[in-house]
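J.: I would like the atomic coordinates for the input below:
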Amino acid sequence: MDLNYSPEQAMLRDSARRFLSEKHGLEQRRKRAFDSAPIDESLWSNFAELGWLGLPFSEDSGGFGGGAVEVSILAEEFGRANVVEPFVRIVVLAGGLVERLGSSWQRENLLAPLISGTSTLVLAHLENGARGRLDHVETTARKDGNGYRITGDKILVYAASAASTILVTARVENEEGIALFAVPREVEGLTLTTCRTVDGCEAADIHFDNLRAEEDARLGSGDVLSTLEEFHDRAVAAMCADAVGVMDAMLATTIDYLKQRVQFGKPLASFQALQHRVAEMAVKCEEARASALLATLSVDAPRVQRIRGVSGAKAKIGKLARLVAHEAIQLHGAIGYSEEMPLGGWFRRLYAFENSFGSTTDHVQRYASIVLEPEILNGNLLRDPEFA
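T.: Here you go, the predicted model:
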């Protein structure tokens, strides 16, 4: 298996790194940390001009036909540069659901503006008490003439206040499974309560109070849980790559600092004990990179292999990221906590990663539920044509 990037993929990585180093350097990141806007409109417009907002979508949908590898390349550079705009949540997750489930009219009116950067959409799915379970949905949708009435509460919806459209999951009365609706943000019956997250993003809790949704606001038909799970896994794989970018940046910054900081007449990098600690950080970064690659290559596999690759990577990287982040802070000493250094922003980003899209514990349990299924333990999986 050739694990090297193609020339086009390498060009995407290099151009993204160059652009973000110029337009989103440390000074811009400091300013962004005190900016209340959920999305930097100028930066987001640049993303659209570069084609990044259309990267994962097919050419028929107006995109560029990129796959999971291309998305992971871009996500890694976003992590390295600590870009707080929720690209994965908006483009990979919400946009992916619209492309897969939406009608031609819905794709034209929701996906095309997203790709051009003129509007955004977000998914409102997480609810209190979910504990990593995607099927935990208590929001209801009641039939009302030729439409629905949606009632319920969603939490931690990133960039909701900047979105033109909100995708909301709900259980329709007298139907099995979960349905998905696209509703305008500015509509009667929808209330946002915003907050800042630990990694510097804006999120919102959303209350739906008998909100009216027309019949054509529903995306797809029947239960959308399996599709939701697939794109949730695609988002998790991209976030794993994001975390790898953060870890690599913390490692490189720590090495540079140890080379420059002099103590007892010698650079800190000359002390063998510190060399060993940096070497351990480097090993953990490579382990995380391998895990993220496994997740990326698993997203198009059948469900069992996808869950093993994605949840295994999320759980593994969550633990590795914490270790690398702690070492980076300790090896910098007190200056590592200062706002003048980028470590604090990266540290908070990794903390948010560990607890987003399901915690490390959630993904360990999900992985175990698949690995310990009797059919797999007995070898029946190998005889099932679905997983051949």
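
J.: Domain ranges for the protein, per the record?
T.: Following automatic domain parsing, the chain resolves into domains at 7-119, 123-219, 225-378.

J.: Look up how far residue 94 lies from residue 263.
T.: 49 Å (CB to CB, to the nearest Å). Bear in mind the C-beta positions are built from the backbone N, C-alpha and C, glycine included.

J.: Among those two, which residue is more densely surrounded?
T.: Each of residue 263 and residue 94 has its neighbours counted (other CB atoms under 10 Å); residue 94 has more, 30 against 11.

J.: Verify the stated contact: residue 65 with residue 51.
T.: No. Using CB atoms under 8 Å, residue 65 makes no contact with residue 51, being 10.7 Å away.

J.: Check which helix or strand residue 169 maps to.
T.: Element membership of residue 169, judged by DSSP states H and E, is strand 165-172.

J.: Tell me who's in contact with residue 159.
T.: Residue 159 makes contact with 38, 39, 85, 86, 89, 90, 120, 122, 201, 202, 203, according to CB atoms under 8 Å, 6 or more residues apart in numbering.

J.: what packs against the helix or strand hosting the last one?
T.: The reference is to residue 203. Here residue 203, judged by DSSP H and E, is contained in strand 202-214. If you count contacts as 3 or more CB pairs under 8 Å, 6 or more residues apart in numbering; DSSP states H and E, strand 202-214 packs onto strand 147-158, strand 165-172, strand 179-184, strand 190-196.

J.: tell me the most buried of the ones you listed?
T.: Ranked by mean neighbour count, those are led by strand 165-172 with a mean of 23 (mean count of other CB atoms under 10 Å).

J.: Output the below-cut-off pLDDT ranges for the stretch 101-250 of the chain.
T.: For the stretch 101-250 of the chain, no stretch has pLDDT under 70.

J.: nope, the stretch 251-388 of the chain is what I meant
T.: Residues of the stretch 251-388 of the chain meeting the criterion pLDDT under 70: 373-388.

J.: can you pull out the strands in it?
T.: 262-263, 266-267 (DSSP state E, counting those that start in this stretch).

J.: what's the last one packed up against?
T.: Using 3+ CB pairs under 8 Å, 6+ apart as the contact criterion, the elements in contact with strand 266-267 are helix 225-260.

J.: in the helix it packs on, what's buried?
T.: 225, 227-228, 230-251, 253-255, 257-258 (16 or more other CB atoms under 10 Å).

J.: Ok, stretch 285-303 next?
T.: Burial within stretch 285-303, assessed by neighbour count using 16+ other CB under 10 Å, is assigned to 285, 287-289, 291-299.

J.: just stretch 4-21 next, same as before
T.: Quick answer for stretch 4-21 (16+ other CB under 10 Å): 9, 12, 13, 16, 17, 19, 20.

J.: if I look at the residue of the chain lying at maximal distance from its centre, how far off is residue 271?
T.: The C-alpha centroid of the chain is most remote from residue 265, which lies 44.6 Å away (CA atoms, centre = their mean). Residue 265 is 12 Å from residue 271, where distance means CB to CB.

J.: Same check on residue 230?
T.: From residue 230 over to residue 271 the distance is 48 Å, taken as CB to CB.
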